[in-house]
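1. Here you go, sequence then predicted model.
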Number of protein chains: 2
Amino acid sequence: MDKFMEAAIAQAEKSYNEGGIPIGSVLMRNGEIIAQGHNKRVQEANPILHGEMDCLLNAGRIGSYKDTVIYSTLMPCYMCAGTIVQFNIKKVVVGESRTFTGARKFMESHGVEVVDLNLQKCVDMMTRFIDEKPTLWNEDIGEL
Amino acid sequence: MDKFMEAAIAQAEKSYNEGGIPIGSVLMRNGEIIAQGHNKRVQEANPILHGEMDCLLNAGRIGSYKDTVIYSTLMPCYMCAGTIVQFNIKKVVVGESRTFTGARKFMESHGVEVVDLNLQKCVDMMTRFIDEKPTLWNEDIGEL
């Protein structure tokens, strides 16, 4: 596993240990991590801070995203996928899409390259969380 | 004009007067305003706080969005449209889509009702802003 996905997983684990939703994200440019983040729905009572959104918030106003790659431990939902499309981020690397299929086709239809690493570690992390807190998970994906 | 769009316009004007991007939003449920917000890219150096996103942040964790309607002075971009789809908000009322066509078809393809009031006041507000700060506007829509 590359260091970017490792850092995204570390963000997810940090969120889980805080009682939050275990999804983490990293923004990479020129081989360097320029921002990291994780879901903060629980921690900040913030419904829009999915892992990817928190990462992009933490990156700040960086101008063009055209040389960036975003990593996420889970396939982006429509909120995060729409953000990736609007911001013109051209590549997404995800840990898995088995526990949540997300918006892969939507991103690909807008020219975003999507790489799914299909990591058992990420599947196990989400499966444990969904088993423990199914209502919280349904809240996070708009399924209440 | 109804009081919801009036409140969204007031949010947009507030943002303009702060030196920010003049786009405002309101979340309505059962005929009442439950949250308001405006673009805060400039005010908080926050690239994800478009008007609609700030409004949804301010609403907090409200559970289901199925009885809500979101108002925006401008047609939502893919970030905000993806959020509306993911959160299962079923209706969007916008002030205009002449200065930015946004993601209407995407929302409609996911069953969201989109009403465009085509208000000259909203067009004038955006036209003035885009003329004054074209680079800031291009930054906000990912066109740098």
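-> The structure has been received and is ready for your questions. Numbers count the residues shown, from 1 in each chain, chains lettered A, B, ... in the order given.
2. for the closest residue to A:Asn58 other than its chain neighbours, helix, strand, or coil?
-> Leaving aside its chain neighbours, A:Asn58 sits nearest to A:Ala35 (4.4 Å; criterion: C-beta to C-beta, 6 or more residues apart in numbering or on different chains). From N, CA and C alone the C-beta is placed, and that goes for glycine too. Of the three states, A:Ala35 takes strand under DSSP: H, G, I helix; E, B strand; the rest coil.
3. Go ahead and confirm A:Ala35 touches A:Ala59.
-> Yes. Counting by C-beta atoms under 8 Å, A:Ala35 does reach A:Ala59; the two are 3.6 Å apart.
4. I'd like the next helix or strand past the lengthiest helix in chain A.
-> Secondary structure of chain A per DSSP state H: the longest helix is helix A:3-17. Using DSSP states H and E, the helix or strand that directly follows helix A:3-17 along the chain is strand A:24-29.
5. thinking again about what came up before, what does the average pLDDT come to for the longest helix of chain A?
-> Averaging the model's pLDDT scores along helix A:3-17 yields 98.
6. Can you list the buried residues in it?
-> A:4-5, A:7-9, A:11-13, A:15-16 (16 or more other C-beta atoms under 10 Å in any protein chain shown).
7. before we move on, what about stretch A:23-35?
-> A:23-28, A:35.
8. any idea how far the closest residue to chain B within chain A is from A:Val112?
-> Residue of chain A nearest chain B, by C-beta to the nearest C-beta: A:Gly82 (2.2 Å). From A:Gly82 across to A:Val112, the span is 11 Å (C-beta to C-beta, to the nearest Å).
9. and what of A:Lys90?
-> Taken as C-beta to C-beta, the span from A:Lys90 to A:Val112 is 6 Å.
10. Tell me which of these two has more neighbours.
-> A:Val112 (20 against 16; other C-beta atoms under 10 Å in any protein chain shown).
11. contacting residues around the more buried one?
-> Residues near A:Val112 by C-beta atoms under 8 Å, 6 or more residues apart in numbering or on different chains: A:81, A:84-85, A:89-92.
12. quick one: the helix or strand hosting A:Gln43 near chain B?
-> Element membership for A:Gln43 (DSSP H and E) is helix A:41-44. Yes. Helix A:41-44 is in contact with chain B by C-beta under 8 Å from any C-beta of the partner chain, via A:Arg41.
13. Show me the contact partners of that helix.
-> Contacts of helix A:41-44 (C-beta under 8 Å, 6+ apart): A:15, A:18-21, A:47, A:49-50, A:136, A:139-140, B:61.
14. Looking at the residues you listed, state which has the most neighbours.
-> A:His50 (30 neighbours).
15. Around chain B, which positions in chain A sit nearby?
-> A:41, A:45-48, A:53, A:56-57, A:59-65, A:77-83, A:85-88, A:103, A:106, A:110, A:139, A:141-144.
16. if we can go back for a sec, next, format the contacts of helix A:41-44 as TSV and append distance to A:Thr73.
-> Formatted as TSV, the contacts of helix A:41-44 follow (distance: C-beta to C-beta, whole Å):
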residue	distance to A:Thr73
A:Ser15	10
A:Glu18	15
A:Gly19	17
A:Gly20	13
A:Ile21	10
A:Pro47	19
A:Leu49	15
A:His50	11
A:Leu136	17
A:Glu139	19
A:Asp140	14
B:Arg61	22
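17. For the helix holding A:Gln43, list every residue counted as buried.
-> A:41-43.
18. Any chance you could give me that helix in CSV, C-alpha atoms only?
-> Below are the C-alpha coordinates for helix A:41-44, written out as CSV (Å, rounded to 0.1, in the frame of the first residue of the first chain):
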residue,chain,number,x,y,z
ARG,A,41,-20.2,14.5,11.4
VAL,A,42,-20.0,13.3,15.0
GLN,A,43,-17.1,15.3,16.3
GLU,A,44,-18.3,18.7,15.0
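19. Measure how far it is from the centre of its chain, please.
-> How far helix A:41-44 lies from its chain's middle: 15 Å, per C-alpha atoms, centre = their mean, to the nearest Å.
20. Repeat that for stretch A:89-100.
-> That offset, for stretch A:89-100, works out to 7 Å (C-alpha atoms, centre = their mean).
21. just the helices in chain A please.
-> A:3-17, A:41-44, A:51-59, A:78-86, A:104-109, A:120-132, A:134-140.
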